[in-house]
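[1] Generate coordinates for the sequence data below:
(one chain, ligands or ions: 2)
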Amino acid sequence: MKIKWGILGAGSISKDFCYAVKALPQDEHEVVAIASSSVDRALDFARKHGIQQSYSYDDMAKDNDIDVVYIGTWHTSHVSLSKQMLNAGKHVLCDKPMCFNVDQVKEVFQVAKENKKFFMEGIWSRTFPVYQKIKEEIKGGNIGDVQLLTATQCVPLGDHPVWRGYPGFGMLFMIGIYPIQLANWIYENKKPTSITAVGSIGKYGVDDDCCIILSYDNGAKASLSFSGKGHSLSPVAVFGTKGCITIPNYLWCPTEATLPSGNITYPLKPEDPSVYTYPNGMGMGYEANEVRRCILEDVVYIGTWHTNHVFLSKLMLNAGKHVLCEKPMCLNVDQVKEVFQVAKENKKLFMEAVWSRAFPIYQIIQDELKSGGVGNVQLVTATFCVPASDHPVWKEYPGFGMLLIIGIYPIQFANWIYGNMKPKSITAVGSLGKNGILHCIPDSFWCPTEVTMPSGKVKNPLEPKDSSVYKYPNSMGLRFEADEVRRCVVQG
Ligand SMILES: NC(=O)C1=CN([C@@H]2O[C@H](COP(=O)(O)OP(=O)(O)OC[C@H]3O[C@@H](n4cnc5c(N)ncnc54)[C@H](OP(=O)(O)O)[C@@H]3O)[C@@H](O)[C@H]2O)C=CC1
Ligand SMILES: O=C1OC[C@@H](O)[C@H](O)[C@H]1O
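    Residues are numbered from 1 along each chain as shown. Ligands and ions are numbered 1, 2, ... in the order given. Predicted structure coming up:
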């Protein structure tokens, strides 16, 4: 599905963004409009880049065909333009810095929330594969516990012919934010227990440079520095108890790093790098892709009676949403095929909420089986008895028989244990009766929190302890399922 971009500001970074987006697949991104405070600049930009519409900011706000805007103006106008575009019903990607203080951050996010729109500050660094890889490396324990981060960004901007001395164009906002966001990234947004900083205000009346030390409660530290006067070089080192990661240059848009296991490189492939003003400008495509992912990857949870599931699933999938649909997703095999066909056509995730499989105990059982801990499985017995057939509302409703309400759980359990092997024969005896059997096992196998294995009992208690707000047993475990959906969506 294509998202339609509008660009605000006809300057250098907007031009880089435009080239980067145009290099992405055309069925995913299109730049449809440019807006500038100058009519001539907008027209010129539109002509150069083959963009259909050239606008004033106000006209851009009125164009309902635009899904998302990129704000590439000076940051002195970021707050007002962000709010204007959000109020006009557009998602917003605003280049850094999104504003000058915390109150403004809160204000912009409040407007985004009220309008139910996506807002992202363009800290594009985090969308670079090197950043992702470093995160994985740290999470995987490959360098042990991080003890020290050193990050330096030197870009000789202090003497910039236009910006110099302009309020808000000090080096903290121009470049200092990058090493600082990197510390938050590496230390998972942990709050430092102390901050020490020494900087200078230069001849133009704004900050020229600064050295910052952040200390954390476990003794870890970040030593961050930036200068608008130094020669360009922006290296990073992350020191852990077992190893180290380094980035040789371009802290804010890196394409290479050294991990304990060796060097990694993610070269950018521009058609022509000379069209970009800023280093690695073509990497803005990563950021645009991330915005698209965030906008499109809405998930709808369908928790209605299953008589509505097929209709609602198709409706939501066709509207471009991912779907997590309560069990049973439908009443027969043809409907299963139909729903998955619609999901496939729309390139969306569809998952039936057989939440059992998202419970850690199910995973533990699977691992135990795979490791041969119980040898070859010879017999599975699984029994589900709850007094559901006398349900005051469902009791005579078509589709509310016990097979679809609870019987699917032991059946899926057999499929899980036997790796979806097809049974050679199926023998079944059931009754179309008035009442079910009244017995409820305490630790339900369809949403279990403990299991006994050859090696002993494994427990996986649920949080929060107060389960009184939930109607059904172990409903706190629905979060496992939500996590699983997120994992699937995010990993494509
Ligand atoms: N992500 C990154 O690595 C980078 C981010 N940036 C950020 O992008 C933003 C723009 O930088 P860049 O494109 O280099 O800047 P430019 O000087 O090229 O200006 C961009 C736009 O800002 C608007 N503008 C220009 N002068 C003024 C002014 N006096 N007051 C208000 N607005 C003005 C204009 O918009 P219009 O055409 O509408 O008149 C202009 O086209 C900055 O906030 C900067 O921090 C910059 C470089 C790299
Ligand atoms: O955002 C930025 O990062 C890199 C610098 O080259 C640029 O001028 C700055 O604004």
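
[2] going forward, measure contacts and count neighbours with C-alpha atoms only.
    OK.

[3] dump the residue contacts of K327.
    Each residue near K327 by Cα atoms under 8 Å, 6 or more residues apart in numbering is listed here: 306, 352-354, 404-405.

[4] Just the residues you listed: which are in strands?
    If you go by DSSP state E, the contacts of K327 have 352-353 in strands.

[5] Check the protein for the residue nearest ligand 2 and tell me.
    Here the chain gets closest to ligand 2 at one residue, M174, 4.7 Å apart by Cα to the nearest ligand atom.

[6] I'd like to know how many residues surround the closest residue to Q153 other than its chain neighbours.
    Nearest non-adjacent residue to Q153, counting by Cα to Cα, 6 or more residues apart in numbering: S234, 4.2 Å away. S234: 21 surrounding residues under other Cα atoms under 10 Å.

[7] Mind pulling up the pLDDT for S234?
    S234 carries a pLDDT value of 96.

[8] What are the buried residues along stretch 157-169?
    Under the neighbour-count criterion of 16 or more other Cα atoms under 10 Å, stretch 157-169 has 157-158, 164-165, 168-169 buried.

[9] show me the residues around V31 that make contact.
    Shown in contact with V31 (Cα under 8 Å, 6+ apart): 4-7, 18, 21-22, 51.

[10] ok, now how distant is it from S38?
    19 Å (Cα to Cα, to the nearest Å).

[11] again, but for G373
    Per Cα to Cα, G373 is found 72 Å from S38.

[12] try P464
    Applying Cα to Cα to P464 and S38 gives a distance of 56 Å.

[13] Between these two, tell me which one has more neighbours.
    S38 (14 against 9).

[14] Point out where this structure drops to low pLDDT.
    Applying pLDDT under 70 to the chain flags the ranges 270-271, 389, 433-443, 465, 490-492.

[15] which parts of it sit against ligand 1?
    The chain has residues 8-14, 36-38, 72-75, 95-97, 174 near ligand 1, with proximity defined as Cα under 6 Å from any ligand atom.

[16] Which ones among these lie within helices?
    In this view, the residues of the chain next to ligand 1 that belong to helices under DSSP state H are 12-14.

[17] would you turn those into TSV with neighbour count and distance to Y55?
    What follows is those, written out as TSV (neighbours: other Cα atoms under 10 Å; distance: Cα to Cα, whole Å):
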residue	neighbour count	distance to Y55
S12	14	18
I13	20	18
S14	21	14
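
[18] which stretches of the stretch 301-450 of the chain form strands?
    For the stretch 301-450 of the chain, applying DSSP state E, counting those that start in this stretch gives strands covering 322-326, 350-353, 450-453.

[19] now the stretch 51-200 of the chain
    53-55, 68-71, 91-95, 119-122, 146-154, 194-201.

[20] Adding mean neighbour count and distance to G430, write the ones you listed out as a markdown table.
    Below are those laid out as a markdown table (neighbours: other Cα atoms under 10 Å; distance: least, Cα to Cα, whole Å):
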| stretch | mean neighbour count | distance to G430 |
| --- | --- | --- |
| strand 53-55 | 22 | 66 |
| strand 68-71 | 27 | 56 |
| strand 91-95 | 24 | 54 |
| strand 119-122 | 21 | 54 |
| strand 146-154 | 23 | 60 |
| strand 194-201 | 12 | 68 |
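
[21] Looking at those, spot the one closest to Q378.
    Among the strands of the stretch 51-200 of the chain, strand 146-154 comes nearest to Q378, with 47.2 Å by Cα to Cα.

[22] measure the closest residue in space to the residue of the chain closest to ligand 2 that isn't next to it in sequence to Y19 for me?
    Counting by Cα to Cα, 6+ apart, the nearest residue to M174 once its immediate chain neighbours are dropped is P97, at 7.6 Å. Distance, P97 to Y19, by Cα to Cα: 21 Å.

[23] how many neighbours does the closest residue to G320 other than its chain neighbours have?
    Leaving aside its sequence neighbours, G320 sits nearest to N346 (Cα to Cα, 6+ apart; 6.6 Å). Neighbour count for N346, taken as other Cα under 10 Å: 17.

[24] isn't N346 right up against H322?
    No. Checked against Cα atoms under 8 Å, the pair N346 and H322 is beyond contact range at 9.2 Å.

[25] picking that back up, so what's the residue nearest to Q153 up against?
    For S234, the contacting residues are 151-154, 248-251, by Cα under 8 Å, 6+ apart.

[26] L369 now?
    Listed by Cα under 8 Å, 6+ apart, the contact set of L369 reads G375.

[27] now do F413
    A382 are the contacts of F413 under Cα under 8 Å, 6+ apart.

[28] how much space between it and ligand 1?
    50 Å (Cα to the nearest ligand atom, to the nearest Å).

[29] K321 too?
    Using Cα to the nearest ligand atom, K321 is found at 30 Å from ligand 1.

[30] Could you do L317 as well?
    Separation of L317 from ligand 1 (Cα to the nearest ligand atom): 34 Å.

[31] What count of nearby residues applies to the closest residue to Q363 other than its chain neighbours?
    Closest residue to Q363 apart from its sequence neighbours, by Cα to Cα, 6+ apart: R357 at 7.3 Å. Neighbour count of R357, defined by other Cα under 10 Å: 20.

[32] again, but for A358
    A358 has 20 neighbouring residues, counting by other Cα under 10 Å.

[33] can you pull the contacts of it?
    Contacts for A358 (Cα under 8 Å, 6+ apart) come out as 480-481, 484.

[34] what do you get if the cut-off is 6 Å, keeping everything else the same?
    480-481 (Cα atoms under 6 Å, 6 or more residues apart in numbering).

[35] any idea how far it is from E484?
    Between A358 and E484 the computed distance is 6 Å (Cα to Cα).

[36] ok, now S425?
    The gap separating S425 from E484 is 32 Å, by Cα to Cα.

[37] Compare those two and say which one has the larger neighbour count.
    Comparing S425 with E484 by other Cα under 10 Å, the one with more neighbours is E484, at 17 against 6.

[38] Could you check how far the helix or strand hosting that one is from the centre of its chain?
    Element membership of E484 [criterion: DSSP states H and E] is helix 478-490. On the basis of Cα atoms, centre = their mean, to the nearest Å, helix 478-490 sits 12 Å off its chain's mean C-alpha point.

[39] now swap in stretch 84-91 and tell me
    On Cα atoms, centre = their mean, the centre of stretch 84-91 falls 21 Å from the chain's centre.

[40] quick one: contacts of it?
    Against stretch 84-91 from outside (Cα under 6 Å, 6+ apart): 61, 67-68, 112, 117-118.

[41] can we see that at 10 Å?
    Applying Cα atoms under 10 Å, 6 or more residues apart in numbering, the contact partners of stretch 84-91 are 5-6, 57-58, 60-71, 78, 81-83, 92, 108-109, 111-120, 291, 295.
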